[in-house]
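A.B. asks: here's a sequence, model it:
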Amino acid sequence: MKNNFRILVAFFILHSLSVSFCLASNLLNYPVDNPSKEILNIRLNPSDFSSNSVFCGQNTIRHPGYAGWIRVAAPQTWDDYTPGLAESWKEGAAYYTCQYGFFQVSNEAQFGVENTIEARLGGDSDPVTKQNLTGFSGQVIGDRTVTWHSEMEKQYGTFDKGPNNQPFPNEYAGLAFAKERYAFAIHASAKKAEGQIDRTIMEALGEKVLKKINVSNSFFSLEESLSQLITHQGILHSLQVKVEKFSKHYLKGEYNTALNNMNSFINELAAQRGKHVSEHAYQTLKTLADTIVTNTTSLL
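C.D. replies: A predicted model of the protein is given here:
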């Protein structure tokens with residue numbers, strides 16, 4: 001345990017993240033946060049991964065080498081870091097750590113994304129000479145995208161070195177993007193002797209999180225609009241129950257059941273159209289519900 005802890009602190013080896021989180025927090029006095037509703041809404045579930053994936057652990061330690069995000073230049077206190085959630089998975093020979101964040105303003109989310117890959121590797125001890133501003137396949141995800149992999153240091157760096165200026169014993173890669181106030185990053189590592197990182201997996205998971213961000217935004221707007229647009233208390237309660245059931249199953253990754261709940265919401269909305277639901281309320285709520293259905297369906 002102690003050896004794993006030292007490796008984690010010194011090098012931030014990605015696949016060791018699940019080993020000593022509580023110990024690290026207690027010894028180093030790092031703050032531990034509860035994930036926000038926004039973060040939980042975009043969190044990937046076991047059903048979002050292949051059946052061969054193995055869950056390795058999670059943490060909410062605010063340090064940027066764990067789950068936290070740098071939100072300002074030259075941070076001085078823990079308030080300069082944004083809380084996050086990090087969860088690690090193993091697929092084949094590679095380990096993939098998914099990092100989620102939700103910021104107060106969008107420019108801080110983009111700043112966090114731009115700095116998370118190097119922070120995860122250990123800052124000055126590991127060179128990140130240049131980051132690409134697109135995904136590995138050349139696409140832009142969200143409002144701001146950055147990618148990096150250890151082989152880039154051969155092309156852009158002055159040397160090909162890893163932790164403590166030693167040759168990279170492992171392969172590393174990172175993909176991060178910001179969408180409005182949300183941020184997501186996936187950090188990957190693999191021992192070169194055992195296998196390689198699959199960057200297509202990283203991009204596919206990033207695209208899923210982008211869809212989940214769209215669901216989250218529409219969901220919160222739907223919750224807020226319901227109480228503002230529906231005045232009949234009986235109808236309001238019935239619709240809210242259906243929305244709550246959608247959320248319950250969606251957060252568990254039970255997307256088909258969640259879709260049934262949202263479609264039931266749409267059906268009741270249509271049945272009350274022109275009665276207890278005004279045309280304006282119907283159009284507003286139906287548009288939000290349709291967006292949720294479309295993006296949730298794409299996760300199947």
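
A.B. asks: state whether Thr147 is indeed within a strand.
C.D. replies: Yes: the assignment for Thr147 (DSSP: H, G, I helix; E, B strand; the rest coil) places it in a strand.

A.B. asks: okay, now the domains of the chain?
C.D. replies: The chain resolves into domains spanning 2-207, 230-297 when parsed by automatic domain parsing.

A.B. asks: now the first one, how far from the centre of its chain.
C.D. replies: The chain centroid and the centroid of domain 2-207 are separated by 10 Å under C-alpha atoms, centre = their mean, to the nearest Å.

A.B. asks: before we move on, the earlier item: for the domains of the chain, give me CSV that also has mean neighbour count, distance to Asn214 and mean pLDDT.
C.D. replies: From N, CA and C alone the C-beta is placed, and that goes for glycine too. As requested, the domains of the chain are exported to CSV (neighbours: other C-beta atoms under 10 Å; distance: least, C-beta to C-beta, whole Å; pLDDT from 0 to 100):
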stretch, mean neighbour count, distance to Asn214, mean pLDDT
domain 2-207, 18, 8, 83
domain 230-297, 16, 5, 97
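
A.B. asks: could I get those as CSV with distance to Ser218?
C.D. replies: Listed next are those as CSV, based on distance: least, C-beta to C-beta, whole Å:
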stretch, distance to Ser218
domain 2-207, 10
domain 230-297, 4
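
A.B. asks: all helices of this protein, in order?
C.D. replies: Applying DSSP state H to the chain gives helices spanning 2-11, 21-28, 37-42, 106-121, 152-156, 199-229, 233-251, 255-271, 279-297.

A.B. asks: gap between the residue lying closest to Val140 once chain neighbours are set aside and Met202?
C.D. replies: Leaving aside its sequence neighbours, Val140 sits nearest to Thr134 (C-beta to C-beta, 6 or more residues apart in numbering; 5.6 Å). Relative to Met202, Thr134 is positioned 13 Å away (criterion: C-beta to C-beta, to the nearest Å).

A.B. asks: what of Phe246?
C.D. replies: Phe246 is 28 Å from Met202, by C-beta to C-beta.

A.B. asks: and for His149?
C.D. replies: 10 Å.

A.B. asks: mutual contacts of those two, please.
C.D. replies: By C-beta atoms under 8 Å, 6 or more residues apart in numbering, His149 and Met202 have these common neighbours: Phe136, Ala173.

A.B. asks: surely Ala67 is in contact with Asn59?
C.D. replies: Yes: if you go by C-beta atoms under 8 Å, Ala67 and Asn59 touch, sitting 5.3 Å apart.

A.B. asks: shared neighbours, those two?
C.D. replies: Shared contacts of Ala67 and Asn59 (C-beta under 8 Å, 6+ apart): Leu85, Ala86.

A.B. asks: residues in contact with Gly92?
C.D. replies: Asn52, Gly195, Asp198.
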